[in-house]
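Visitor: Structure for the following, please:
(chains A, B, C and D)
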Number of protein chains: 2
Amino acid sequence: MGTIVKSEKCDDEIFWRWFVTQRTYTISDLTSLFDVTTRTLRYYEEMGLLTPQRRGTQRLYSERDRVRIQLILRGRRLGFSLEEVRDMLSLYDADPTEITQLREVIHRGDEKLAQVEEQIRELQAVRKELLEWRGKMQQTLASKMKGEQQA
Amino acid sequence: MGTIVKSEKCDDEIFWRWFVTQRTYTISDLTSLFDVTTRTLRYYEEMGLLTPQRRGTQRLYSERDRVRIQLILRGRRLGFSLEEVRDMLSLYDADPTEITQLREVIHRGDEKLAQVEEQIRELQAVRKELLEWRGKMQQTLASKMKGEQQA
DNA sequence: CTGTAATATTCCGTTGACGTCAACGGAATT
DNA sequence: AATTCCGTTGACGTCAACGGAATATTACAG
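Guide: The predicted structure follows:
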C-alpha cells in the first residue's frame, strides 16, 4: 500500500487531483480495504463486473474500480445477486447517444428504483413487527421480575 | 382447496373461529397460494423451519404454518438466508421461562433489529443515488431533445 | 543477485437453495 | 380393475458465489 500521506509538501492542487483520480490499487490493497479475498475480486472480474487495467500480468485497480467494488459489496449485503448488481452498475456506466436508448435506460432505472422502494417497505414492516415483539417481551420481563421480587 | 365461502349460512361466531384457527392446508393449497413448489416447502421442513402435522403420511399445514411460510418467503426476498430466517422465527417461538433466557432472547432480537435498521439505511442510500442518477439522466434527455428539435 | 513474498492461472471442491426424476402409496372416479 | 390424481420419499442434478490447493511467475527488499 503506497503509504502516501496527504500533507507532505506536495499538496498542490495539481498533484492532489492526480492523486485522487489516478490513484491505483493492487489487489491486496483492496482485499485488505474491503476484507474480501483475491478470489472474490477475480471472480467479479470474471463475471464482467470489474475490468482493471494490467501492468504486465498484474491487475491495477483504479479509483473507479474501488467504487464499483464498494457498490457490489453493498449490493450483496442487501441481497442482490451479482447479475442484479451488474444491471445497476450498467445504469451508471451507460452514456447513451440515442434518445430512445436514453429513455429505455431511464425506464430500467425506474424499475430498479421501484424494486428498491418495495424492499424498503417490506423491511420497515419487519422492523415494525420486531419492535412490537420487543414491546411484548419487555412487558413479560417486567411482570416476571415483579413476581420474582415478591417471592 | 376446500371451497368454503364465508357467508353460506353457517357463519356463526363459533364456526368462524374454528374455521380461522383450525383451518388446515394441503401442500398444494400452499404451493398455489404462494407460488412455490412442493420441493421448496419440504426443504423448509427439512431445514427445521416448518413442522406440519401428518394425516398418515400426508402433510397437514396449519394457519401458523401458513404464516411462517409467508415470513420465510419475505425473508428470502429481503436477502436473508434460511438460517437467518430461522433465527428470526425462533424469536417469535420462544416462550422463555427463565428471566436470564428472556433477557438473552430480547438481546438477540435487538441485534436483529439493529441489523434490519442498518439494511434500511443502506437501501435508502441506494434509493438516493438512483434518484440523483435519474435526475441527471432526465436533464441529459431534456437537452438532447432540445437539440433534436433545432435540427 | 537472490530469496521470499505477492500475483497469476487453473482446476476442483463446497455450500445454500432448491430442481428434477424415479418409484411408489392411497383415495376417488369410471 | 383400471385409471387418474394428489402425495410421499429418496437420490442425484444444478446454479451462483465463491474457497482452496497446486503450480508458475513476477516484484522487489536486502
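Visitor: Every contact and neighbour count from this point should use C-alpha atoms.
Guide: Fine.
Visitor: Just want the residue of chain A that's nearest DNA strand D.
Guide: A:Ser81 (3.4 Å; Cα to the nearest atom of the strand).
Visitor: interface residues of chain A facing DNA strand C?
Guide: A:26-29, A:38, A:57-60 (Cα under 7 Å from any atom of the strand).
Visitor: Show me where chain A has its helices.
Guide: A:13-22, A:27-34, A:38-46, A:63-77, A:82-93, A:99-150 (DSSP state H).
Visitor: Now mean neighbour count and mean pLDDT too, for the ones you listed, in a markdown table please.
Guide: Output for these, formatted as a markdown table (neighbours: other Cα atoms under 10 Å in any protein chain shown; pLDDT from 0 to 100):
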| stretch | mean neighbour count | mean pLDDT |
| --- | --- | --- |
| helix A:13-22 | 12 | 52 |
| helix A:27-34 | 15 | 98 |
| helix A:38-46 | 14 | 98 |
| helix A:63-77 | 17 | 98 |
| helix A:82-93 | 16 | 97 |
| helix A:99-150 | 15 | 94 |
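Visitor: what's the longest strand in chain A?
Guide: strand A:58-62 (DSSP state E).
Visitor: Turn the helices of chain A into TSV, including distance to B:Leu131.
Guide: As requested, the helices of chain A are exported to TSV (distance: least, Cα to Cα, whole Å):
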stretch	distance to B:Leu131
helix A:13-22	25
helix A:27-34	26
helix A:38-46	26
helix A:63-77	16
helix A:82-93	12
helix A:99-150	8
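Visitor: Quick one: closest of these to B:Lys146.
Guide: helix A:99-150 (11.2 Å; Cα to Cα).
Visitor: care to break chain A down by domain?
Guide: Following automatic domain parsing, one gets these domains for chain A: A:8-80, A:94-151.
Visitor: Same list (these) but as TSV, adding distance to B:Lys146.
Guide: Output for the domains of chain A, formatted as TSV (distance: least, Cα to Cα, whole Å):
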stretch	distance to B:Lys146
domain A:8-80	31
domain A:94-151	11
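Visitor: and chain B, which of those domains is closest to it?
Guide: For chain B, the closest of those is domain A:8-80, at 3.8 Å, according to Cα to the nearest Cα.
Visitor: that older thread, please name every helix or strand in contact with the longest strand of chain A.
Guide: Contact here means 3 or more Cα pairs under 8 Å, 6 or more residues apart in numbering or on different chains; DSSP states H and E; on that basis strand A:58-62 packs against strand A:24-25, helix A:27-34, strand A:53-55.
Visitor: what would the ones you listed look like in a markdown table with distance to B:Glu104?
Guide: Below are these laid out as a markdown table (distance: least, Cα to Cα, whole Å):
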| stretch | distance to B:Glu104 |
| --- | --- |
| strand A:24-25 | 44 |
| helix A:27-34 | 32 |
| strand A:53-55 | 50 |
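Visitor: With B:Thr100 as the reference, name the closest of these.
Guide: Proximity to B:Thr100 (Cα to Cα) singles out helix A:27-34 among those, at 37.1 Å.
Visitor: so what does that closest one touch, helix or strand wise?
Guide: Against helix A:27-34 (3+ Cα pairs under 8 Å, 6+ apart) you get helix A:38-46, strand A:58-62.
Visitor: Give me the angle between that helix and helix A:63-77.
Guide: Per axes from the mean of the first three to the mean of the last three Cα atoms, to 10 degrees, the angle that helix A:27-34 makes with helix A:63-77 is 40 degrees.
Visitor: And DNA strand D, is helix A:27-34 touching that?
Guide: No: contact of helix A:27-34 with DNA strand D (Cα under 7 Å from any atom of the strand) is absent, the minimum separation being 10.2 Å.
Visitor: before we move on, what about stretch A:38-50?
Guide: Yes: using Cα under 7 Å from any atom of the strand, stretch A:38-50 reaches DNA strand D at A:38-40, A:43-44.
Visitor: Roughly how far does A:Gly79 sit from B:Arg76?
Guide: 9 Å (Cα to Cα, to the nearest Å).
Visitor: And A:Met47, by the same measure?
Guide: Taking Cα to Cα, one finds A:Met47 at 24 Å from B:Arg76.
Visitor: Next, the contact list for A:Thr31, please.
Guide: By Cα atoms under 8 Å, 6 or more residues apart in numbering or on different chains, the contact list for A:Thr31 reads A:37-38, A:41.
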